[in-house]
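In: pasting the structure only:
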DNA sequence: GTGAAAGCGCTAACAA
DNA sequence: TTGTTAGCGCTTTCAC
């Protein structure tokens, strides 16, 4: 494969001149420019970005770590990031962590060795020490979706507490008092916020908290499905469910359907995030409209900012979320 | 950031020895090894993969080009590739082409400059010349899903013709003669195969082809939705639809629902690929079970093969697909 | 078993 | 405006 030296020889100029034509950052005579351009075509030359990266200490690579690339939420996030950074010539390097802490640290290490210019971490494990170590070594980390105390980096997160609070309040104002929550892992900040909002809302209205109605999930399909199956076997059923993410909402609907319960007649349902095929499924959900594409764009912009200016204070971006009313909640009055 | 030189100095050995400890490919004395390992820890050293790539002419990066990362089919494909190649230390670099030919060529060029070790192209544009040029320059391309004549590289594709034929035959054997097809862009090999199978099956049974029943889609949501809307306004309706991909099947179901037609009572439906939430939606589809995760794994293995052995003849892998019977087809007998 | 040194392909400081 | 050259951080040949 042709190198810059070959081009220089072919065009009878120095490698410096070729580099200048390539990058257009220094003045070059028209004559030299043409000679170089002809040589490039003749040799079918394509610059080696690896060598450039080594010299410039910049790879134009941005790592993206997500727990589950099969969740549309994270794909939209990735697309949001890509839509912003690709304009500046960056490419995304992906890694799925499958919620596995060691896999995650390993990927982080590899991405660091590959000298990605930044990495967006949308993940749920908590290893503040290890991650801070990488940050101190100069790895540029941006956390999205989840906030982990003690990790010293920028964030883009959604306003989980507020949105969850409104969702539960919505149920209560429709006369529900027997409300169950299907929650994610409590090690994750989003789950913590959503649970706290749930409890605060109930307390606000003087509704006692029933431990049987606190269902543990892990934001994935299987676990929440089993929890629901279990719940629906109990003698005292809730009249409403608050599901804390889109995937688990699908499980809730499936479990309800299989138990012969229809929504909202037998069971009301509100969800943090919408399901995949709302148009084809009855009823229309009442849910918190998440917009991970937008979140990705913000993350992308934050990164571009940071990569341009070398100094930048740590930032926290909080995104406000709206509620979309559907017909999945029965009025109990 | 610490370099191999710093480590060598700290450990009082040469950089060569450090490199040997790092890679474990040459004998090193126990004593030297320990000194180096201590120095690495003390300096918090992380090798620079960019420099290594330059020297070794290998990046451990594999490009993945898909038209639409929001389609679960392509995500599963990516996961399949990742599951295989990540074991050997490769990372995936993504690019969504959005069905845009110039964006696609541009991404291919950038990935080539970044010297990815290979690129998996699951895309639908046809630029044999440009792509062959890159291949001739040494870019290692593997095409999946779509076969494009005149591009000289390996393939992993599904047996579209055969599977589509069985699907249409299934409809005919259930007594349908008025069968419409919702097809993708005809510039794509998969669409060509599926359409050919449709026509051949009808012909085989002596059923005339009605041009009004040949609906053009583009494998995306909007276009197929509009085509269906249009079709359902006609005076003569088909009794069955053959949808040639999962996304368009969702549109077909949505359009039918909105037109007040129920499946299979008013309209039978078979699909190439399943929809997203089969459990929640009535009826269960009769469809061709695609397995892009498996296809991704094969692609990954093919790439690993090729990257190990330097010489390898061009290969074509064809994946056989099974049909899954559901209850979306009414028996007309 | 170990070290010195060349060189991967490029950029940029410096000199002309 | 152009050329020369050092050097980015690593691997690997060659000599010891």
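Out: Looks like it arrived, so ask away. All values reported here derive from a predicted model rather than from experimental measurement.

In: give me the element the closest residue to DNA strand D within the stretch 51-200 of chain A is part of.
Out: Using Cβ to the nearest atom of the strand, the single residue of the stretch 51-200 of chain A nearest to DNA strand D is residue A:55, 3.7 Å away. For the C-beta atoms, the positions are set from N, CA and C on the backbone; glycine is no exception. Assigning secondary structure by DSSP states H and E places residue A:55 in helix A:49-56.

In: which other helices and strands contact that helix?
Out: Applying 3 or more Cβ pairs under 8 Å, 6 or more residues apart in numbering or on different chains; DSSP states H and E, we find helix A:49-56 packed against helix B:49-56.

In: And the helix it packs on, what's buried?
Out: For helix B:49-56, the neighbour count (16 or more other Cβ atoms under 10 Å in any protein chain shown) marks B:49-54 as buried.

In: so can I have JSON lines of these showing pLDDT and distance to residue A:148?
Out: JSON lines is the format used below for the buried residues of helix B:49-56 (pLDDT from 0 to 100; distance: Cβ to Cβ, whole Å):
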{"residue": "B:49", "pLDDT": "98", "distance to residue A:148": "26"}
{"residue": "B:50", "pLDDT": "98", "distance to residue A:148": "29"}
{"residue": "B:51", "pLDDT": "98", "distance to residue A:148": "32"}
{"residue": "B:52", "pLDDT": "98", "distance to residue A:148": "31"}
{"residue": "B:53", "pLDDT": "98", "distance to residue A:148": "32"}
{"residue": "B:54", "pLDDT": "98", "distance to residue A:148": "35"}
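
In: For residue A:252, see how far away residue A:202 is.
Out: Look at residue A:202 and residue A:252: by Cβ to Cβ, to the nearest Å, they are 19 Å apart.

In: So between the two, which is more surrounded?
Out: Higher neighbour count among residue A:202 and residue A:252: residue A:252, with 27 against 21, using other Cβ atoms under 10 Å in any protein chain shown.

In: wait, doesn't the more buried one sit right on residue A:244?
Out: No - Residue A:252 is beyond contact range of residue A:244, at 10.3 Å (criterion: Cβ atoms under 8 Å).

In: Check the contact lists of these two and give me the overlap.
Out: residue A:182 (Cβ atoms under 8 Å, 6 or more residues apart in numbering or on different chains).

In: Does chain B have contacts with stretch A:108-118?
Out: Yes - residues of stretch A:108-118 contacting chain B under Cβ under 8 Å from any Cβ of the partner chain: A:109-115.

In: Which of those are buried, as a PyMOL select command?
Out: A single PyMOL command selects the buried members of the residues of stretch A:108-118 next to chain B (16+ other Cβ under 10 Å):
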select buried, chain A and resi 110+111+112+114+115
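
In: can you give me the helices in the stretch 151-300 of chain A?
Out: A:160-173, A:189-204, A:221-231, A:246-258, A:292-308 (DSSP state H, counting those that start in this stretch).

In: For DNA strand C, find the nearest of the ones you listed.
Out: Per Cβ to the nearest atom of the strand, nearest to DNA strand C of those: helix A:292-308, 14.9 Å.

In: downstream neighbour of the closest one in the secondary structure list?
Out: Following helix A:292-308 in sequence, per DSSP H and E, is strand A:316-319.

In: Packing partners of that following strand?
Out: With 3+ Cβ pairs under 8 Å, 6+ apart as the test, strand A:316-319 has strand A:154-158, helix A:292-308 packed against it.

In: Could you dump those into CSV with mean pLDDT, distance to residue A:185 and mean neighbour count added?
Out: Shown next, in CSV, are the helices and strands packed on strand A:316-319 (pLDDT from 0 to 100; distance: least, Cβ to Cβ, whole Å; neighbours: other Cβ atoms under 10 Å in any protein chain shown):
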stretch, mean pLDDT, distance to residue A:185, mean neighbour count
strand A:154-158, 92, 16, 23
helix A:292-308, 91, 19, 20
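
In: Nearest to chain B among these would be which one?
Out: Closest to chain B of the helices and strands packed on strand A:316-319, according to Cβ to the nearest Cβ: helix A:292-308, at 9.7 Å.

In: and the angle from that closest one to strand A:154-158?
Out: 170 degrees (axes from the mean of the first three to the mean of the last three Cα atoms, to 10 degrees).

In: is helix A:292-308 anywhere near DNA strand C?
Out: No - applying Cβ under 7 Å from any atom of the strand, one finds helix A:292-308 separated from DNA strand C by no less than 14.9 Å.

In: In chain A, what helix or strand scores lowest on average pLDDT?
Out: In chain A, no helix or strand scores lower on mean pLDDT, DSSP states H and E than strand A:316-319, which sits at a mean of 84.

In: Partner strands of it, with direction?
Out: Sheet pairing here is set by DSSP bridges, and for strand A:316-319 it gives strand A:154-158 (parallel).

In: So which residues make contact with the partner strand?
Out: So strand A:154-158 is contacted by A:141-147, A:189-190, A:290, A:295, A:298-299, A:302, A:306, A:314-319, A:321 (Cβ under 8 Å, 6+ apart).

In: repeat that with 6 Å
Out: Residues outside strand A:154-158 that contact it (Cβ atoms under 6 Å, 6 or more residues apart in numbering or on different chains) are A:142-144, A:147, A:295, A:298-299, A:302, A:314-319, A:321.

In: Kindly report the same for stretch A:292-307.
Out: So stretch A:292-307 is contacted by A:73, A:76-77, A:79-81, A:84-85, A:117-118, A:120, A:142, A:144, A:154, A:156, A:312, A:317, A:319 (Cβ under 6 Å, 6+ apart).

In: Quick check, residue A:239 in contact with residue A:180.
Out: No - checked against Cβ atoms under 6 Å, the pair residue A:239 and residue A:180 is beyond contact range at 9.1 Å.

In: ok, now how distant is residue A:64 from residue B:69?
Out: When residue A:64 is compared with residue B:69 (using Cβ to Cβ), they lie 11 Å apart.

In: neighbour-wise, which of those two wins?
Out: Legend: neighbour count by other Cβ under 10 Å for residue A:64 and residue B:69, higher for residue A:64 (26 against 23).

In: Around chain B, pick out the residues from chain A.
Out: Proximity of chain A to chain B, by Cβ under 6 Å from any Cβ of the partner chain, involves residues A:1, A:46-47, A:49-51, A:53-54, A:69-70, A:75, A:91-94, A:112-115, A:138, A:253-254, A:276-277, A:279-281.

In: at 7 Å what do you get?
Out: Selection of chain A residues close to chain B by Cβ under 7 Å from any Cβ of the partner chain yields A:1, A:44, A:46-51, A:53-54, A:59, A:69-70, A:72, A:75, A:78-79, A:82, A:91-96, A:110, A:112-115, A:137-138, A:250, A:253-254, A:257, A:276-277, A:279-281.

In: and these, which are buried?
Out: For these, buried by 16+ other Cβ under 10 Å: A:46-51, A:53-54, A:59, A:69-70, A:72, A:75, A:78-79, A:82, A:91-96, A:110, A:112, A:114-115, A:250, A:253-254, A:276-277, A:280-281.

In: Restricted to strands, list the residues you listed.
Out: Here DSSP state E is the test, and those give A:91-96 as lying in strands.

In: what's the closest of those to residue B:209?
Out: Here the nearest of these to residue B:209, counting by Cβ to Cβ, is residue A:94; it sits at 43.8 Å.

In: Now do the closest one against residue B:143, distance only.
Out: 20 Å.

In: what's the answer for residue A:154, then?
Out: Taken as Cβ to Cβ, the span from residue A:154 to residue B:143 is 39 Å.

In: partner residues bridging the residue nearest to residue A:238 when sequence neighbours are not counted?
Out: Distance criterion Cβ to Cβ, 6 or more residues apart in numbering or on different chains; nearest residue to residue A:238, sequence neighbours excluded, is residue A:180 at 4.0 Å. Note on residue A:180: beta-bridge partners by DSSP bridges are residue A:241.
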